[in-house]
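Visitor: What shape does this take:
(chains A and B)
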Amino acid sequence: MTPPTKTDALAALRNPQPASLDSLVALTYDELRRIARRHLARGRRVGVRSGTLGTTALVNEAYLKLVDQSNAGPKDRAHFLAIAAVAMRHILIDRARARSARKRGGGNAAVTLDADAIAGADDPQTLLDINDALERVAVVDARLARVVELRFFGGLSEDEIAEVLGVTVRTVQRDWARARMLLRRELSA
Amino acid sequence: MSPDEWRVFGPLLDAALETPPERRARFIADASHGDPAMAEQLRQLVAECEEGDTLLDAGAIDRFSFLLDDDETVSRFPATLAGRYRVEREIGRGGMAIVFLAHDTAHDRPVAVKVLRPSARARVGAARFLAEIRTTAALRHPHIVPLHDSGEAEESLYFIMPYYEGGTLSSRLDQQPQLPVAEALRIASDVAAALEHAHGAGLVHRDIKPSNILFSSGQALLGDFGVARPVERTAPSITSTGVVVGTPEYMSPEQAAGAATIDGRSDIYSLGCVLYEMVAGEAPVGALSTETLSQHGARALRRLRAARRDLPACVERCVSRAMAPDPANRYNAAEMSLALADCERAIAAPESAARRGFNFVWRSVTGIMLAATARGGGRSGERG
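Guide: Residues are numbered from 1 along each chain as shown, chains lettered A, B, ... in the order given. As a prediction, this is how the structure comes out:
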């Protein structure tokens, strides 16, 4: 299969079909990883800790790169962000799983000079726990889980989430409150 | 919450949240049709929705971007280094470095490529790191892993070592946590010989642990010489936040305290910990914050005796001397080599009645030395 062009990407956003959306997620997955790597390498050169990578900047850069800008409007952007949220969730969960598998396999992982320790970063297991809980929330209420995915993994604003889901901003706010409550219950269950 | 419950409560909760707070009590009473349990559950859900929560405040990427960083070392590392090392697969990973198996095409032999993680590399200038590596590369000893080559590729520093199929002591202990005493002594003895040579050349290892001890044709070799030191020396920002290079379970008290100068006796302490682990089946537990170092030392020995009741007294003596809290009470590498060799001989010799009597005497002597060690440790604690 040939990689979709910027125009194909825009068409896929406007007329979503499962196959074209899947290929757009895959494309975005690769692009986000490339952009993230570049940002992190630049951060290291100027001595910035890796924790400063911003979701919005990252996703926006992927949008400009992948989607034809001459015809795209704010709605298209919001729909692309929704795709990026899914891709970003895959990327982070894949990496967290790989790490956690290694940790289980190797007995001597407890070394203090570690990227995690230095950046004061979270345990990857926390992310895996959130992801599992989110999957359980999706069984109870798919839209609420989607709101969390868009906001937490995709960094979408309330306005953008409202656009993607076709609801009002006020509804997004209530959904967020209810979703967070359900997620917290799943995490402590 | 089950999907069935949520079908009832989800929409009610949504409507309750939409109702202005002053009219909510009324709404809940109406919506629950006089069912007090239902009213209570609805009130609880509303309260939980209004609760502040920081769990998801920061976006996933903002919090977990280090996961992407990890990805980079593996995916961007070139397939061939310096035109001759063909990288085949990842074989190990620690906090500071990732190890790959590679093929040295110039000499048609397998080699291990150790790549310093970007996080560690960011704090060490390449020139300085490679210079330190060169100094330590001068070490030649049958029980020290030699350094074939080193270099820089794709922002990562790497060095090339022989690849040993015998694996590491760490993986050996994963399969068999308690080694036969004779084998544990032989391994410790090989490492002590390596230390004797390195300390004689004025070099301290600083990170002795099971994953740095490798096996080749039945011999133990000490790897990673000169790796911890340049990282530690160039990392004031790290140490100031309490991060010390080395591995907590095997770190000497003075190294853990961030002492400015550390000598070979710090390595001896770490080797003592490794010997302890090989015979006890578990690494010595670190000191509790409430106990002094001498109390910790005494507790460690009690645990060792409990873990291995048949432990010969000479092994216990080697562990207690090597792990003495005060460096002044520890062996130097040559003394430890001798003590280990004596112990190996004593165990190989058939047990006689005289020998048992000797062991009894030695147990008392150990007790006396332990008491002396405890006093020394107290002084060291006051200084710290």
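Visitor: which stretches of the stretch 51-200 of chain B have low pLDDT?
Guide: B:69-77, B:93-97, B:117-129, B:131-132, B:135, B:154-155 (pLDDT under 70).
Visitor: Now do the strands in it.
Guide: Assigned strands in the stretch 51-200 of chain B, in chain order: B:80-81, B:85-93, B:97-104, B:109-116, B:149-153, B:156-162 (criterion: DSSP state E, counting those that start in this stretch).
Visitor: Which parts of the stretch 151-300 of chain B are helices?
Guide: Remark: helices assigned in the stretch 151-300 of chain B by DSSP state H, counting those that start in this stretch are B:169-175, B:181-200, B:228-233, B:236-240, B:253-256, B:264-280, B:293-307.
Visitor: picking up where we left off before, include distance to chain A when you put the strands of the stretch 51-200 of chain B into a markdown table, please.
Guide: Any C-beta I mention is one placed from the backbone N, CA and C, and that applies to glycine too. What follows is the strands of the stretch 51-200 of chain B, written out as a markdown table (distance: least, CB to the nearest CB, whole Å):
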| stretch | distance to chain A |
| --- | --- |
| strand B:80-81 | 19 |
| strand B:85-93 | 6 |
| strand B:97-104 | 9 |
| strand B:109-116 | 10 |
| strand B:149-153 | 14 |
| strand B:156-162 | 11 |
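Visitor: Switch those strands over to a markdown table; also include distance to residue A:81.
Guide: Below are the strands of the stretch 51-200 of chain B laid out as a markdown table (distance: least, CB to CB, whole Å):
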| stretch | distance to residue A:81 |
| --- | --- |
| strand B:80-81 | 39 |
| strand B:85-93 | 34 |
| strand B:97-104 | 33 |
| strand B:109-116 | 35 |
| strand B:149-153 | 36 |
| strand B:156-162 | 33 |
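Visitor: Just put those in a markdown table and tack on distance to residue B:16 and mean neighbour count.
Guide: Shown next, in a markdown table, are these (distance: least, CB to CB, whole Å; neighbours: other CB atoms under 10 Å in any protein chain shown):
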| stretch | distance to residue B:16 | mean neighbour count |
| --- | --- | --- |
| strand B:80-81 | 63 | 18 |
| strand B:85-93 | 50 | 17 |
| strand B:97-104 | 52 | 20 |
| strand B:109-116 | 56 | 21 |
| strand B:149-153 | 60 | 17 |
| strand B:156-162 | 56 | 22 |
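Visitor: separation between residue B:31 and chain A?
Guide: From residue B:31 over to chain A the distance is 15 Å, taken as CB to the nearest CB, to the nearest Å.
Visitor: So for chain A, which of the helices of the stretch 151-300 of chain B sits nearest?
Guide: With CB to the nearest CB as the measure, helix B:169-175 is the member of those nearest chain A (4.8 Å).
Visitor: Show the model's pLDDT score for whichever residue of the stretch 201-350 of chain B sits closest to chain A.
Guide: Residue nearest to chain A within the stretch 201-350 of chain B (CB to the nearest CB): residue B:211, separated by 4.3 Å. Looking at residue B:211, its pLDDT is 85.
Visitor: Report the separation between it and residue A:171.
Guide: Counting by CB to CB, to the nearest Å, the gap from residue B:211 to residue A:171 is 54 Å.
Visitor: So which of these two has more stuff around it?
Guide: Neighbour tally, residue B:211 and residue A:171, criterion other CB atoms under 10 Å in any protein chain shown: the higher count belongs to residue B:211, 23 against 18.
Visitor: Could I get the full set of helices for chain A?
Guide: Secondary structure of chain A (DSSP state H): helices at A:6-14, A:18-45, A:55-66, A:74-105, A:115-119, A:124-140, A:142-148, A:158-165, A:169-188.
Visitor: picking up where we left off before, need the winner for burial among the helices of the stretch 151-300 of chain B.
Guide: For these, the largest average neighbour count (mean count of other CB atoms under 10 Å in any protein chain shown) is found in helix B:264-280, namely a mean of 26.
Visitor: which helices and strands does that one pack with?
Guide: helix B:169-175, helix B:181-200, helix B:253-256, helix B:293-307, helix B:313-322, helix B:333-348 (3 or more CB pairs under 8 Å, 6 or more residues apart in numbering or on different chains; DSSP states H and E).
Visitor: try 6 Å
Guide: helix B:181-200, helix B:293-307, helix B:313-322 (3 or more CB pairs under 6 Å, 6 or more residues apart in numbering or on different chains; DSSP states H and E).
Visitor: doesn't residue B:170 make contact with residue B:210?
Guide: Yes - using CB atoms under 6 Å, residue B:210 is in contact with residue B:170, at 3.9 Å.
Visitor: domain parsing for chain B?
Guide: B:3-50, B:69-162, B:169-383 (automatic domain parsing).
Visitor: That's all I had, so thanks and see you.
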